[in-house]
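Chemist: what follows is a predicted protein model with its sequence.
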Amino acid sequence: MAVEYFFSDMDNTLLTSNGSITQENIEIIKKIDTPFSLVSARAPIEMDFALDLLDLKGPQVGFNGGIVFQGTGNTRNVIEKKIINFQLAKLIVESIVARFPDVSTSFYDENFWYTNEINKGIAYESSLTKQSPIVKPLSQLFEKNIDIYKIMIIIFDESVMTKAINYFTEAKFESISVQRSGKNYLEITHEDAIKENGIKCILQNKNINLENTYAFGDGHNDIPMFNIVGHAVAMANSALEVKQYADYLTDTNDNSGVGKFILKLLKNNPS
């Protein structure tokens, strides 16, 4: 069986629980000839360290499919982008801050992260991504019209998470996608910003058989990615409902599950 492309989520999949990449994963991924792309909910600025460590030069997917790009930092080239309507993004952020004052609400353009206050959720995200947000009063956050790719809501209380999900269901905002990522995150992007579409963009005009592609993931937002590739691989630490969409299970994110699966697969399928 041919192996033509690997796609991987980052948090709790390729990355360990503390946001790093194991040395085993680094060594295995750097040695393979098969193309490997990250498909993440993260902003490109939060992905750059991994691209450098793994020496990945090809196209990558950020913001759950909201951006497809190549390169890092000042050399980044945007291949495709899907942004949220600016006025709609403003309405959503203001509504969430008013209705759910104890959750962490923030948003991203291509290069920066914005929030109205540093609280538990923002501090937690900053510790994982090693990024610091631009902090302004809510009244000043939307003074300048910018491209907004993602609104991120971090919620540690499951009952509040349920209420927030119900709010979006009832509000019926048009042209957005609301996806739960992991246990504590709700992420709002353009309705077409799903991981499946990011993969489609990468594979466009490439002579690759989808049956020979593999994707690694752990979260609900990885299910669209699982549905398009030939073989879906769930981490051992995935939620049960995510595992039900997988063709294979591999070890945990903290135990180099991505690299171990790749190593075993390529040994059994030498090129």
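Modeler: Received it, and whenever you're ready, just let me know what you need. Residues are numbered from 1 along each chain as shown.
Chemist: may I have stretch 47-63 as PDB, with CA atoms only?
Modeler: In PDB, the C-alpha atoms belonging to stretch 47-63 read as follows (Å, rounded to 0.1, in the frame of the first residue of the first chain):
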ATOM      1  CA  MET A  47       2.900  27.000  14.500                       C
ATOM      2  CA  ASP A  48       6.300  28.500  13.400                       C
ATOM      3  CA  PHE A  49       8.300  26.700  16.200                       C
ATOM      4  CA  ALA A  50       7.100  23.300  15.100                       C
ATOM      5  CA  LEU A  51       7.700  24.000  11.400                       C
ATOM      6  CA  ASP A  52      11.300  25.000  12.300                       C
ATOM      7  CA  LEU A  53      11.900  22.000  14.500                       C
ATOM      8  CA  LEU A  54      10.500  19.600  12.000                       C
ATOM      9  CA  ASP A  55      12.000  21.400   9.000                       C
ATOM     10  CA  LEU A  56       8.700  21.500   7.200                       C
ATOM     11  CA  LYS A  57       8.800  23.500   4.000                       C
ATOM     12  CA  GLY A  58       5.500  22.600   2.400                       C
ATOM     13  CA  PRO A  59       2.000  24.100   2.700                       C
ATOM     14  CA  GLN A  60       0.400  24.100   6.200                       C
ATOM     15  CA  VAL A  61      -3.100  24.700   7.500                       C
ATOM     16  CA  GLY A  62      -3.900  27.000  10.400                       C
ATOM     17  CA  PHE A  63      -7.100  28.400  12.000                       C
END
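Chemist: may I see the buried residues of it?
Modeler: By 16 or more other C-beta atoms under 10 Å, the buried positions in stretch 47-63 come out as 47-48, 50-51, 54, 56, 59-63. (Glycine included, C-beta is placed from N, CA and C.)
Chemist: so which of these belong to strands?
Modeler: Secondary structure from DSSP state E places 60-62 of these in strands.
Chemist: how about the helices in the stretch 151-271 of the chain?
Modeler: For the stretch 151-271 of the chain, helices defined by DSSP state H, counting those that start in this stretch occupy the ranges 158-171, 195-203, 223-228, 240-243, 257-268.
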